[in-house]
Each structure stands twice: as structure tokens, then as C-alpha cells.
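Colleague: this is the structure alone, sequence omitted:
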């Protein structure tokens with residue numbers, strides 16, 4: 001009983017933290033939740049819990065701005081590639097044991113945190129979007145299907161397209177929404193997202209929304225650049241711990 005209660009408290013606090021990061025930085029809920037939950041459970045189980053909070057917060061983020069059609073018109077081919085590949089690749093996540101799942105999840109978190117801390121930015125001319133967008137979506141889908149993390153390379157790619165401010169926030173919300181739906185469909189089709197997981201994931205939405213409110217308060221009082229750097233350093237540490245566990249722990253299903 002005490003272990004069950006401790007687990008519920010840990011999951012609740014994880015989603016408060018993940019929501020706070022999203023409220024303060026405009027992104028990061030599934031990334032933080034997957035990273036922290038992945039320390040104590042298999043990534044496929046963590047991914048099932050993340051689905052509804054991620055969907056609710058990202059749908060709200062996409063519809064909160066006025067440039068929905070412009071964002072959709074520039075990203076639809078990337079989103080299509082991400083959706084198809086995520087659904088197809090979900091078998092990688094659903095079939096992983098704890099150790100292999102932790103390794104791949106940790107690698108994705110470290111890659112994202114390191115690239116962002118290094119301020120890695122490129123600019124992509126609009127004439128290349130027609131073939132680069134589906135490719136970026138397909139790679140994002142492969143990473144999502146293997147790790148449950150949506151940010152690589154979707155986030156740097158959207159920045160490279162020149163999205164900024166409100167458009168960037170909306171494009172991230174739309175990208176994460178599509179990836180969440182594809183992930184949920186892929187996991188459900190492989191028996192890794194059942195009714196019990198849906199109920200648990202829905203309950204996790206409340207602490208995530210509470211965390212978002214806390215994060216917005218933090219954003220108004222703390223330097224956003226300092227907060228983002230601290231968040232990325234923590235993510236780097238979580239990713240390194242997951243990689244270490246994946247390398248040194250005995251595989252188990």
C-alpha cells in the first residue's frame with residue numbers, strides 16, 4: 001500500500017514539474033515526464049501516461065494563437081511524415097525491455113539537451129522545405145516511436161524554418177499534438193495503451209495543468225533564459241543516468 005501511494009505521489013509530482021516547465025518555457029512536458037518517469041518504469045509505460053496530458057496541453061497551445069492556418073500550411077508534410085512513421089515505429093517502444101528503452105530514451109534526451117545548450121541553429125531556405133519537411137517528420141517519427149520523445153529533430157527543424165514567437169509556439173503545439181495522437185494509436189494497436197492506461201493518463205492531466213499555471217507564474221518572475229538553461233542541464237543529467245542504466249543494467253522485460 002505504501003509503495004502504491006509513493007508511486008502515485010511520484011507520478012503526480014512528475015507531471016506538476018513537467019507542466020511547470022511547459023508553462024515557463026512553452027514546451028517540455030512530454031520530454032520531462034518521459035525522462036523522470038523513465039527512471040522508475042519502462043519507457044512504454046511512461047509513454048502511455050504522457051498521452052492525455054500532452055494532447056490536452058498541446059491542443060490548447062496550438063489553438064491559443066491566431067496563425068493556425070499559416071502554421072498548418074507550412075508544416076503539413078512534416079506532420080504527415082511524423083504521424084506515419086511514429087505509428088509504424090511504435091513497435092520499437094512497445095517491444096523494448098527496461099534497459100534498452102532507458103538507453104534509447106536517454107540518448108534522445110542527451111542529444112536534445114546538448115544541441116540546445118550549444119545553441120545549435122541553422123536556417124533552411126524555403127525552396128528546400130518541399131523535400132526536407134517530410135524527411136524531418138519521418139526522422140521525428142522514428143525517434144518518437146523508439147523513445148516516446150517528440151522533440152528531435154522537430155524542434156530545431158521548426159526553428160530552422162524561421163518560426164518565431166507565437167508562430168513557433170503554435171507550430172510546436174501542432175507538431176506535438178500530431179505526434180501524441182500517432183503515438184497513442186501505435187501503442188494501442190500493439191496492446192500497450194489500454195483502457196486502464198487511458199484512465200491513469202487522464203488523471204495525470206490535472207497535475208500537469210496545475211504545473212502549467214505554476215510555470216506561467218515562474219515565467220513572470222524568473223529570467224526565461226536562466227530557467228531554460230537549468231532545465232536543459234537537468235535534462236542532460238537525467239539522460240546520462242538513463243544511458244548508464246541502459247548500458248550497465250541487465251536486460252529485463
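Modeller: Yep, that arrived. Model, not experiment: these values are computed from the prediction.
Colleague: drop to CA atoms for contacts and neighbour counts, all remaining ones
Modeller: Noted.
Colleague: buried residues in the helix or strand harbouring residue 70?
Modeller: Element membership for residue 70, per DSSP states H and E: helix 68-94. Going by neighbour count (16 or more other CA atoms under 10 Å), the buried part of helix 68-94 is 71-72, 74-94.
Colleague: avg pLDDT for it?
Modeller: Averaged across helix 68-94, the pLDDT comes to 90.
Colleague: can you list the low-confidence ranges for this protein?
Modeller: For the chain, the stretches with pLDDT under 70 are 1-3, 94-101, 224, 246, 248-253.
Colleague: where do the helices sit along it?
Modeller: Using DSSP state H, the helices of the chain run over residues 2-25, 29-37, 43-63, 68-94, 98-117, 129-147, 154-160, 165-189, 195-203, 205-221, 224-248.
Colleague: how far does the fifth one sit from its chain's centre?
Modeller: Computed by CA atoms, centre = their mean, to the nearest Å, the chain-centroid distance of helix 98-117 equals 12 Å.
Colleague: can you name every helix or strand that it contacts?
Modeller: Contacts defined by 3 or more CA pairs under 8 Å, 6 or more residues apart in numbering; DSSP states H and E place helix 98-117 against helix 29-37, helix 43-63, helix 129-147, helix 224-248.
Colleague: quick one: contacts of that helix?
Modeller: 31, 34-35, 38-39, 41-44, 93, 143, 146-149, 151-152, 229, 232-233, 235-247, 249-253 (CA atoms under 8 Å, 6 or more residues apart in numbering).
Colleague: would you confirm that residue 35 contacts residue 237?
Modeller: No. Residue 35 lies out of contact with residue 237 (CA atoms under 8 Å); the separation is 9.8 Å.
Colleague: the two: which is more packed in?
Modeller: Taking other CA atoms under 10 Å, residue 35 and residue 237 do not tie; residue 35 has more neighbours (31 against 16).
Colleague: so can I have a markdown table of the helices of the chain showing distance to residue 123?
Modeller: Converted to a markdown table, those look like this (distance: least, CA to CA, whole Å):
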| stretch | distance to residue 123 |
| --- | --- |
| helix 2-25 | 22 |
| helix 29-37 | 24 |
| helix 43-63 | 23 |
| helix 68-94 | 15 |
| helix 98-117 | 15 |
| helix 129-147 | 11 |
| helix 154-160 | 4 |
| helix 165-189 | 14 |
| helix 195-203 | 37 |
| helix 205-221 | 28 |
| helix 224-248 | 21 |
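Colleague: tell me which of these sits most buried.
Modeller: Comparing these by mean neighbour count (mean count of other CA atoms under 10 Å), helix 29-37 comes out on top with a mean of 26.
Colleague: angle of it against helix 205-221?
Modeller: 110 degrees (axes from the mean of the first three to the mean of the last three CA atoms, to 10 degrees).
Colleague: fine by me, thanks again.
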